[in-house]
Every structure is written in structure tokens, then in C-alpha cells.
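Student: When you get a sec, could you give me coordinates for this:
(chains A and B)
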Amino acid sequence: MLTILYDGIAYGMLLFVLACGLSVTLGLMNFINLAHGAFAMAGGYCTVFLVNRLGLPFALGLPIAFLITALIGGLFERTLYVHVYARSHLDQVLFTIGLVFMSVAAVDYTMGSSQQFVQIPEALQGQFEVDGIGMGKYRLLIIVICGLLTVALQLILAKTRFGSRLRAAVDDQRVARGLGINVGAVFGITFAFGSGLAGLGGALGAEILGLDPTFPLKYMIYFLIVVTVGGTSSITGPFFASILLGIGDVAGKYYVPKLGAFVIYAIMIIVLIWRPQGLFARGAAR
Amino acid sequence: MRRWFFLGAACAAAAALGTAGGAQAQDVKIGFILPMTGQQQSTGRQEAAAAKLYMAQHGDTVAGKKVVLIVKDDGAVPDNTKRIAQDLIVNDKVTFLAGFGVTPAALAVAPLASEGKTPEIVTAAGTSIITEKSPYIARTSFTLAQSTVPMADWAAQNGIKKVVSMVSDYAPGADAEKSFKDEFTKKGGQVLDSIRFPLANPDFAPFLQRAADQKPDAIFVFVPSGQGGIFVKQFVERGLDKAGIKIIGPGDVTDDDLLNGMGDAVVGTITAHFYSADHDSPANKAFVAAFKAANNGMRPNFMAVSAYDGMHLIYEALNKAGKTDGDSLIAAAKGMAWESPRGPVSIDPDTRDIVQNVYIRKVEKKNGELYNVEFATFPNIKDPIKAAVAK
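Tutor: Predicted coordinates:
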């Protein structure tokens, strides 16, 4: 029973790391980036390449995947995305879906279409038995990393100058620009950071979710659900949303396997009917 | 004036092209329709390589005719398969259609095979009913039940009394679950629970936990080829192997193509299947060596050997029939028997389906690589589903 809770929290944390970049981008730039899953996939494949082929230790593969994906994100933002910011949402959706298909084909061509398995170190395999709860070691790592990340993100948002600039730009872009905040730079850095987080999530998740070229298409729906349920105006919204969805999904599949996969959608529908702007969002500013 | 000139020129060009194509009327063309892109890409890759290997080894002349291999990609989308098959039959005038990576692809082409009187050699798809859909279909791959029924028999004979069945929720998964359950309960075993998980499944954790809590002797599992490794890894992570629960299932879970990448967690997994790259026979050792040499060290899997045998069936049918019309070729194919790299095989004259040995294997580490090592044999298994109906 408590094992299910533990598994659900681990799964939820993983979803959070994967989805929070999307939430910030959507809230900050009002930009629908459906290619977010492609950055996650890039991070996963980076780690596979570094750990499996080059033999780097797993602990090193994770931060390098984060950095490489953040760099790719920053590069794409400056060269590709910046042209699409002012366009309609439909154009943004079409553009990013096109990016997704291109990334799927590119990865398929270079790395092949079979499942990739990351070689995780011995120390992370197996589980602890604590009080009758089986706690998987790898899931413990996920919970720890994602927990630390959440705290760090919240601190950055709340306590640093960059964080306050970011919050200002999310609240009202025009006034923030008027006050002299370089909103373009804030966008760029945030986008890169969000993509980097997605890459880290993809690298961490390869062990649990699997990794193949269709990853962005398979899991995009889960990121979107987290963002929808959590709202886009804070970090805490998606955090609690992903924990709720993670536990709901795992518990649903345990107790009612036939319908278990539907629980996550049912939660989304109920939340949207009750609070359309998401669980923790303030009403839309614009 | 100018319009007529261009129209005339176009007609002349078309006529010239048409006659140029007709010069090879004596060729026997084999149209292999495989998923070379998409999720089933590994099947296409293995099968195309095996077909080319067979031609390289046996030459391209059979019964006085030149054999031409045409490989087309359908991406495992049945609409594509149908269109490509139509094109091959009408325009390329193929003598054989072969391949078909997924069941819907094979089923979509069945009416075309009947109408065009073109033999359809299924070298990948595994659902039982396929061969019943046209008298021109013969299969050299397998049926899922051929693996699951001996698995159930072996389990019942070896002290496994309580099993939880876990399969992916799609047609082959349902087939596997049903055929295993029917046979296992007939032999005195008990299936405690039948769990199905969604095909696009992110996480096996809750399902595994639910299965483990029922304390079975073994978990019978069937998942599509790519997910087997993830399943076994999570199984071991949860400590279920230490709790004394075995994993059993058809060999799709421990596909030779992916086995080495799955890591040591899969060692000890017991599966039932018709082919292991480790099969100890001179024919197989030669096949594996030649395959690896021609394909950069890639190990052949059960799909490759199916395509290899498909080509063998085609060549031998041409030799035996002497003619190239569909009826003679299918008649020649019925009852044909030979020694394949997987073991002795034959084509059942009544159902045109393959009859082959099924082996029980265990994953072991040999020379630093993981192999499915065979330790028990169930000889000459016909497709159990059709056999039960025939009784």
C-alpha cells in the first residue's frame, strides 16, 4: 500500500521535472511548445550515448545531458522560436509539431528505432526494505534529485533578482519591458533552462519510461496534462499536480488495472470542470 | 498544334518505357513488403538482411529463371501494405508476395492474393487466423499460440501451480493470455489474475506490485518486443526474483535483436520460442556466422530466420512446381519439409501454416553476451488454435 504511494510520488516527481519547463514557457511566453518532449528525448539519448558508448559514469551523464539540452534549447530559441512568438497559437502548434516530427526522424536515422537501455550503476539497482515498504533505489534517486530541483527552482523564483524579473515578465510583459527588464533575455534563459530540465527528466526517466524515437509523441500528453491541471503561473502548481497525477495513475493501475490508465484523464477532466485555469493558478491576467 | 506534338511525344515515350520493361518477362519477382521504418523497424531490418543473405548464398537463378528481390517499406500501416501489394501485383507482376510485419498488414493483402492468384508468404505476423483468409497464404514465421501452449505445458510439468498473467492490451496479447490460460488450467494449474496493461505503458510498477501481492509461483508475460527489457528490469528492481517468482512467457520478451542491451537483470528468464540464435545445430551455426559477417556483427533473431525460411520455401516451390502460376506454387509448398536453422520445419498441407519445434530456453551469459539457451524441446508443434478447431 505504502509502496504504491512511494512509487506514485517517484513517478509524479519525474513528470514534474519533465513538465515544469513547459509550464514556465507556456505561462511566461504564452507559447505552446509541443516540441518539449523532443528536448526530453534529446537528454535521454545524450545520456545513453555518454554512458553506454563513451563509458562515462551515470552521475556525470546526467548533468552533461542537462547542459547539452539547455544549449540546444537556447540555440533553437534564438534561431527558430523567436520568429514564431508573435504568431497565432495555431501557427505555434504547427511549427512545434513539425519540429517534433523532424526530431523523431533524425533520432530514428542516427540512433535506430529500437528501445535504448541506460546502464545504471550497481548501486542504484534493487530496493531497500523499510518497514515492509519496498523502496526502489533508483526511484529514491529520482525523488531526491527532483525534490532538490523543486526547492532550488522555488528559491530562484522567490529570492533572486532573475526570479523577480521572470515573475514580472509572466505577470505583465508590457509593463515589465516598460520598467527596463530585458524580457527577450529572460525568455531565452528560461527557455534554455526549461529545455535543460526536460533533458534531465528524459535522462532520468529512460530507465522507467523507456526511450525510443517516438518518446516525444508518446509522453507529450502527460506533460500537457500536468501543465493543464497545475496551472502555468507558478512552480508549486505543476508540482502538486504531478504528485497528484502520479499517485492517481499508479494507484488506479494497482487497484483497477483495466481502467487504471484512464484515472489520469479522469482527474484532468474533473479539475478542469471545477477550476478551468488549473488548480493553483490565479485567474488569467490577459 | 503544339499541344498535339507534345501529346504525341509523351505517348511515344510511354510506349518506349513500356517495352523496355517487358524484356524481363522470364524473371521471377518476389515482392517483400516489410516495415523498414517506424516502430517495427527491427523486424524489417532483420528480414531484409536474411532474404538478401539467402539469395547471396543460393544464387539468383531457380528452375532456369532469374529471381529478382523487391523490398518495399509499408511502415507497418495496413493501408500502405495494401496499396504496395496492389502495385506489385499489377505493375511489377510479382510471382510471390512476402513479408508482412504485423497481422493487419497480412490480413489486408489476403483478398488481393486470392484475386491475383499470387502466393502470399507470411514471414513475420503471428496471429492464428491469417492463413485461413486466403488459400494462397502460407506461413514460415510462427503463431503466438505455438509458443504459449508449450510454455503452459512445461510450467505445469515443472512445479509451477499458480500464475499471474500479464499481457499488453492488444490482439496478440489477448491471444497469448487466452491460449496460455486455457492450456494451463487444462493441465491443472491456476491462473490467479489476468492483468492487462495499456500498449503505450509508461510504468509497469503498479501492475508488478499487484501481481507480486498475489504471491504466484510465476508471472506469465507478453509485451511487444521493445518493452521486454524494461519489464524484466523493473521486475528485478522490485526484488520479485528474490521473492521466488519466475518469469515465463513467449520468446518475444527476450528478442535476440535486443537481448544484449537488456543487461544482466534478464539472466534466468525462461521463455518458450521456436528460434534462438544459440540453437546448437550445424545449419544454425553456419546461418548465424554468415548473417553476422554480412551485417556488421548483427545477430539474427526469429524474424530473420522466418524470412530466410520464406525464401527457401519460395525457391523450393519454384523448383518443384516447374511452373510460375499461383495454384501450382501453393500446391508445391504444401507439405514441404526441410532442416531450417531453427530446427526441422514443415508446411502443414491442410492449413498451410508452419509446423516446427518449440524450445524452452533460459537466458544465460556466454562469452560475455546474453543468449537464450535451449534446454527442453516440444517437437513438431502445429498451431494449437486451428488444431483445436479441427478436432
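Student: could you measure B:Pro135 against chain A, distance?
Tutor: 35 Å (Cβ to the nearest Cβ, to the nearest Å). Quick note: C-beta positions are derived from backbone N, CA and C, even for glycine.
Student: I'd assumed B:Glu115 was in contact with that residue.
Tutor: No - using Cβ atoms under 8 Å, B:Pro135 is not in contact with B:Glu115, being 11.8 Å away.
Student: Get me the contact residues on the stretch 151-286 of chain A for chain B.
Tutor: Contact residues (Cβ under 8 Å from any Cβ of the partner chain) of the stretch 151-286 of chain A with chain B: A:207-210, A:212, A:214, A:218-219, A:222, A:249-255, A:257-258, A:260-261.
Student: Just those residues: which are in helices?
Tutor: Using DSSP state H, the members of those that fall in helices are A:207-209, A:218-219, A:222, A:249-255.
Student: picking that back up, narrow the residues of the stretch 151-286 of chain A next to chain B to those that are buried.
Tutor: A:207-210, A:212, A:214, A:218-219, A:222, A:249-254, A:257, A:260-261 (16 or more other Cβ atoms under 10 Å in any protein chain shown).
Student: Mind checking if the helix or strand containing A:Phe95 is in reach of chain B?
Tutor: In the assignment (DSSP states H and E), A:Phe95 maps to helix A:89-111. Yes - applying Cβ under 8 Å from any Cβ, one finds helix A:89-111 touching chain B at A:Asp108.
Student: next SSE after that helix?
Tutor: strand A:127-130.
Student: Identify the residues contacting the helix or strand following that following strand?
Tutor: Counting by DSSP H and E, the element after strand A:127-130 in chain order, helix or strand, is strand A:133-136. Contacting residues not belonging to strand A:133-136 are listed as A:2-3, A:6-7, A:10, A:126-129, B:237-239 [Cβ atoms under 8 Å, 6 or more residues apart in numbering or on different chains].
Student: buried ones in strand A:133-136?
Tutor: By neighbour count with 16+ other Cβ under 10 Å, strand A:133-136 contains the buried residues A:134-136.
Student: Can you give the strand pairings for it, parallel or anti for each?
Tutor: If you go by DSSP bridges, strand A:133-136 pairs up with strand A:127-130 (antiparallel).
Student: For the partner strand, what is the distance to the chain centroid?
Tutor: 28 Å (Cα atoms, centre = their mean, to the nearest Å).
Student: Which residues outside that strand are in contact with it?
Tutor: A:134-137, A:140, B:237-239.
Student: can we see that at 10 Å?
Tutor: Residues from elsewhere that reach strand A:127-130 (Cβ atoms under 10 Å, 6 or more residues apart in numbering or on different chains): A:2-3, A:6, A:133-140, B:236-239, B:242.
Student: Most widely separated two among those?
Tutor: A:Leu2 and B:Val236 (21.1 Å; Cβ to Cβ).
Student: Neighbour count for these two, which is higher?
Tutor: Taking neighbours as other Cβ atoms under 10 Å in any protein chain shown, A:Leu2 and B:Val236 compare with B:Val236 leading, 22 against 12.
Student: if you go through the stretch 51-200 of chain B in chain order, where are the strands?
Tutor: B:61-62, B:65-73, B:96-99, B:120-122, B:137-139, B:162-168, B:190-197 (DSSP state E, counting those that start in this stretch).
Student: Can you say which of the ones you listed is nearest to A:Ile68?
Tutor: It is, among the strands of the stretch 51-200 of chain B and with distance given as Cβ to Cβ, strand B:65-73, at 32.0 Å.
Student: Return the distance of the closest one from the chain's centre.
Tutor: With Cα atoms, centre = their mean, you get 20 Å for strand B:65-73.
Student: swap in stretch B:143-161?
Tutor: Centre-to-centre, stretch B:143-161 and its host chain are 20 Å apart (Cα atoms, centre = their mean).
Student: buried sites along it?
Tutor: By neighbour count on 16+ other Cβ under 10 Å, the buried set for stretch B:143-161 is B:143-156, B:160.
Student: Next: stretch A:67-78.
Tutor: A:67-70, A:72-74, A:76-77.
Student: with those in mind, which one is nearest to chain B?
Tutor: A:Thr69 (20.2 Å; Cβ to the nearest Cβ).
Student: ok now do residue 267, which residues does it touch?
Tutor: No chain in the question, so chain A it is. Here A:Ile267 is in contact with A:225, A:229, A:241, A:244-245, A:247-249, A:252 (Cβ under 10 Å, 6+ apart).
Student: That was the other one, I meant chain B.
Tutor: For B:Val267, the contacting residues are B:232, B:236, B:241, B:362-365, B:370, by Cβ under 10 Å, 6+ apart.
Student: ok, now with 8 Å
Tutor: B:Val267 neighbours (Cβ under 8 Å, 6+ apart): B:363-365, B:370.
Student: Narrow the residues you listed to those that are buried.
Tutor: Looks like those have B:363, B:370 buried, using 16+ other Cβ under 10 Å.
Student: A:Ile32: which of the contacts of B:Val267 is nearest?
Tutor: Using Cβ to Cβ, the contacts of B:Val267 come closest to A:Ile32 at B:Leu370, 43.7 Å.
Student: Now the helix or strand encompassing that closest one: buried residues?
Tutor: Using DSSP H and E, B:Leu370 sits in strand B:369-381. Within strand B:369-381, the residues scored as buried using 16+ other Cβ under 10 Å are B:370-374, B:376, B:378, B:381.
Student: returning to what we had before: out of B:Pro135 and B:Glu115, which sits in the busier spot?
Tutor: Neighbours were counted for B:Pro135 and for B:Glu115 using other Cβ under 10 Å; B:Pro135 has more, 16 against 12.
Student: and the more buried one, how far is that from A:Leu204?
Tutor: Using Cβ to Cβ, to the nearest Å, B:Pro135 is found at 54 Å from A:Leu204.
Student: Near residue 85, how many other residues are there?
Tutor: Since you didn't name a chain, this refers to chain A. Residues lying near A:Tyr85 (other Cβ under 10 Å) number 13.
Student: ah, I was thinking of chain B
Tutor: Around B:Ala85 sit 28 other residues, with neighbours defined as other Cβ under 10 Å.
Student: now the residue lying closest to B:Gln157 once chain neighbours are set aside: how far from B:Trp154?
Tutor: What sits nearest to B:Gln157 in space, not counting adjacent residues and going by Cβ to Cβ, 6 or more residues apart in numbering or on different chains, is B:Lys187, at 7.7 Å. Distance from B:Lys187 to B:Trp154, counting by Cβ to Cβ: 10 Å.
Student: can you list the weak-confidence ranges in the stretch 151-286 of chain A?
Tutor: A:281-286 (pLDDT under 70).
Student: Would you mind naming what in the stretch 51-200 of chain B lies close to chain A?
Tutor: Within reach of chain A by Cβ under 8 Å from any Cβ, the stretch 51-200 of chain B has these residues: B:195-198, B:200.
Student: Okay, helices next: where are they in the chain?
Tutor: Assuming you mean chain A. A:2-29, A:36-48, A:58-79, A:89-111, A:137-159, A:161-171, A:173-178, A:183-209, A:215-230, A:236-255, A:263-274.
Student: meant chain B actually
Tutor: B:2-22, B:41-58, B:78-87, B:103-116, B:144-157, B:171-186, B:205-213, B:228-237, B:256-259, B:282-294, B:302-321, B:326-333, B:384-390.
Student: average pLDDT for the third one?
Tutor: In this model, helix B:78-87 has a mean pLDDT of 93.
Student: pLDDT weak spots in the stretch 101-250 of chain B?
Tutor: B:200-202, B:226.
Student: ok, back up a step: tell me which of the buried residues of strand A:133-136 is nearest to chain B?
Tutor: Nearest to chain B, judged by Cβ to the nearest Cβ, of the buried residues of strand A:133-136 is A:Gly136 at 5.3 Å.
Student: and B:Leu370, how far is that from chain A?
Tutor: For B:Leu370, the distance to chain A - Cβ to the nearest Cβ - is 12 Å.
Student: neighbours around the nearest residue in space to that residue that is not next to it in sequence, how many?
Tutor: Counting by Cβ to Cβ, 6+ apart, B:Leu370 lies nearest to B:Leu259, which is 4.8 Å off, once chain neighbours are set aside. Per other Cβ under 10 Å, the neighbour tally for B:Leu259 reads 24.
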